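Give me coordinates for this.
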Amino acid sequence: MTAPVVTAVAAGSPAERSGICVGDELKSIDDVVPQDVIEYHQLTDGADPVLVVRRPGEDLDRRFVLHKDVGEPVGLEVSSAVFDRIRTCDNHCSFCFIYQLPKGLRKSLYLKDDDYRLSFLYGNFTTLTRFTELDAERVLTERLSPLYVSIHATDPMVRARLLRNPRGATSLRWLKVLLAGGIEVHGQVVVCPGVNDGAVLEDTLLTLLDEYPNLASIGVVPLGISDHSNEPEMRDHTAAEAAAVIKLVAAHQRRCMQVLGRKVVFASDEYYLIAGAPLPSLRSYDGVPQHENGVGMIRTFERELLSTTTTSTGIRSGFFQSVDGAPAEGYRAPRTLDRASMAEDPADGPVSILTGGYGAQVLPALLEAFGRPETYIVEVENRFFGGNIKVAGLMVTDDLRRAIATIPEDHRILLPDVCLTQDRFLDGGTIADLGRSVEIVATTGTALRLALGGRPSRQRKVA
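The predicted structure is shown next:
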């Protein structure tokens with residue numbers, strides 16, 4: 001058990017009034033040692049909790065009574081979401097992207113978690129292979145909902161083969177327990193051509209409808225393959241295979257509508273780009289429950305770009321935003337530390353937008369509809385990862401520098417913030433390493449619209 005460290009104290013909060021400081025180690029709350037930020041939140045939610053902390057450089061603990069009402073936040077942020085050891089993943093999936101990372105990146109990028117608590121807090125997907133009776137009891141008792149579960153296949157042997165873990169054949173029994181207990185669960189199927197597509201995918205979707213009808217949503221997504229993969233069985237989808245997945249998902253949506261009155265299953269945007277097929281309307285995504293899984297993201301971006309409102313419509317799942325003290329970790333960490341670097345007041349002159357291969361497919365038509373066809377789209381070839389990696393979130397320093405070198409000096413350069421975590425790219429580089437002045441834009445259609453001048457000059461629907 002590692003004691004969490006206080007990283008921020010809100011001004012005027014009960015914590016500040018009591019004298020708790022940044023750097024204090026939290027040892028206990030009301031004589032209970034919390035195991036994670038979920039339990040921390042529950043313990044501090046009541047009136048006048050007693051916190052015991054250890055101040056840096058001191059040998060004795062300090063005791064503080066935080067005078068507060070029930071439900072009032074204590075005003076602390078702590079250093080981690082899990083205070084005991086994160087439950088790591090014991091699967092060895094051949095399509096796992098962590099196995100496809102180059103060497104030499106930050107250690108945290110190589111951590112594979114399979115922790116239901118991080119699923120609840122941040123929307124991470126868990127396979128349930130390390131789930132236990134005690135975990136189920138806690139989830140059901142404390143109503144830790146929603147959760148996100150990687151399904152991949154319902155055939156026990158196929159699932160065990162995909163996870164390379166014999167427990168993969170039986171761990172979906174916990175999915176039934178969670179759904180029977182009223183927990184909202186969103187599932188995903190990562191489709192590997194020749195392994196769990198075709199008849200296997202159809203059987204998976206039929207079984208999910210028959211045995212797991214209470215699933216809130218199912219995202220069907222293609223695997224990502226980098227040049228660092230050592231799995232000869234794993235390969236890209238062909239355009240025909242992508243079209244087949246889209247057709248199968250559409251057929252299953254019709255079945256679900258007949259039986260359940262809702263679509264449930266959705267294909268990711270990547271499939272439509274690979275197949276060269278038109279995207280469904282935004283309304284077709286039933287509220288876009290898997291926006292962060294790349295499902296309905298393009299139509300959401302289009303709505304934001306061509307709208308005249310000032311708010312984004314992108315859904316950000318995960319409960320941490322309302323759990324007092326939980327840090328924004330991983331891909332939920334702040335993308336930039338300096339809000340002044342975010343593009344807000346557009347300057348005159350030509351504009352170049354840096355983006356990945358998929359963005360380069362989508363943005364020209366969107367900007368034409370917006371009325372800015374003269375804006376230049378600069379595709380950043382991803383040589384760092386290679387393979388079929390075309391998402392903007394995986395752009396890194398050298399690849400960006402190479403693309404920027406082709407942009408005329410008089411252009412404003414816009415860079416989506418999705419490729420940054422606390423001002424750093426995945427390879428550890430920073431904005432200063434790019435060698436040119438760039439304007440960081442939040443990765444929403446609203447932010448791009450404002451960076452380009454506010455209102456669209458004309459609007460039309462993009463096919």
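
tell me the secondary structure for the closest residue in space to residue 417 that isn't next to it in sequence?
Leaving aside its sequence neighbours, residue 417 sits nearest to residue 335 (Cβ to Cβ, 6 or more residues apart in numbering; 4.1 Å). Yep, even glycine has a C-beta here, placed from its N, CA and C like the rest. Per DSSP: H, G, I helix; E, B strand; the rest coil, the secondary structure class of residue 335 is coil.

Can you tell me how far the spatially most central residue of the chain is from residue 75?
By Cα atoms, centre = their mean, the chain has its centre lying nearest to residue 292, at 5.0 Å. According to Cβ to Cβ, to the nearest Å, residue 292 stands 28 Å off from residue 75.

re earlier: in terms of contact, does the residue nearest to the centre of the chain touch residue 123 like I think?
Yes. The criterion here is Cβ atoms under 8 Å, and residue 292 meets it with residue 123 at 6.2 Å.

Distance check, residue 23 against residue 187.
For residue 23, the distance to residue 187 - Cβ to Cβ - is 41 Å.

out of the two, which sits in the more crowded spot?
Each of residue 23 and residue 187 has its neighbours counted (other Cβ atoms under 10 Å); residue 187 has more, 25 against 14.

Just the element for the more buried one, please.
Element membership for residue 187 (DSSP states H and E) is strand 185-191.

for that strand, packing partners?
Secondary-structure packing of strand 185-191 (3 or more Cβ pairs under 8 Å, 6 or more residues apart in numbering; DSSP states H and E): strand 147-150, helix 173-180, helix 198-211, strand 217-222.

in this protein, which spans are helices?
Taking DSSP state H, the helices of the chain run over residues 14-18, 37-44, 116-122, 133-142, 156-163, 173-180, 198-211, 239-260, 269-275, 297-306, 357-370, 397-404, 445-451.

thinking again about what came up before, of all the helices and strands packed on strand 185-191, which one comes closest to residue 137?
For these, proximity to residue 137 was assessed by Cβ to Cβ; helix 173-180 is nearest, at 9.9 Å.

Surely residue 270 and residue 295 touch.
No. Counting by Cβ under 8 Å, residue 270 does not reach residue 295; the two are 9.4 Å apart.

the more surrounded of the two?
Neighbour count, other Cβ under 10 Å: between residue 270 and residue 295, residue 295 has more, with 26 against 21.

Check what pLDDT that one gets.
Residue 295 carries a pLDDT score of 95 in this model.

Next, it: phi, psi?
phi -110, psi 110 (degrees, to the nearest 10).

Provide a list of residues in contact with it.
219, 221, 266, 267, 268, 269, 285, 288, 289 (Cβ atoms under 8 Å, 6 or more residues apart in numbering).

Repeat the analysis, applying 6 Å as the threshold.
Applying Cβ atoms under 6 Å, 6 or more residues apart in numbering to residue 295 gives the contacts 219, 266, 268.

how deep is the nearest residue to the first one once chain neighbours are set aside tucked in, by neighbour count?
Meaning residue 219. Nearest residue to residue 219, sequence neighbours excluded (Cβ to Cβ, 6+ apart): residue 290, at 4.0 Å. When neighbours are counted by other Cβ under 10 Å, residue 290 registers 28.

what's the answer for residue 66, then?
By the measure other Cβ under 10 Å, the count of residues near residue 66 is 23.

Then residue 228?
Look at residue 228: counted by other Cβ under 10 Å, it has 15 neighbours.

Tally up the residues packed near the closest residue to it other than its chain neighbours, please.
Distances taken as Cβ to Cβ, 6+ apart put residue 100 closest to residue 228, at 4.8 Å, once the chain neighbours are dropped. Neighbour count of residue 100, defined by other Cβ under 10 Å: 22.

Over to residue 348?
7.

Next one: it from residue 369, what distance?
Counting by Cβ to Cβ - residue 348 and residue 369 are separated by 22 Å.

Likewise for residue 63?
For residue 63 relative to residue 369 (Cβ to Cβ), the value is 62 Å.

burial of the residue nearest to residue 417, as a residue count?
Residues within reach of residue 335, counting by other Cβ under 10 Å, total 20.
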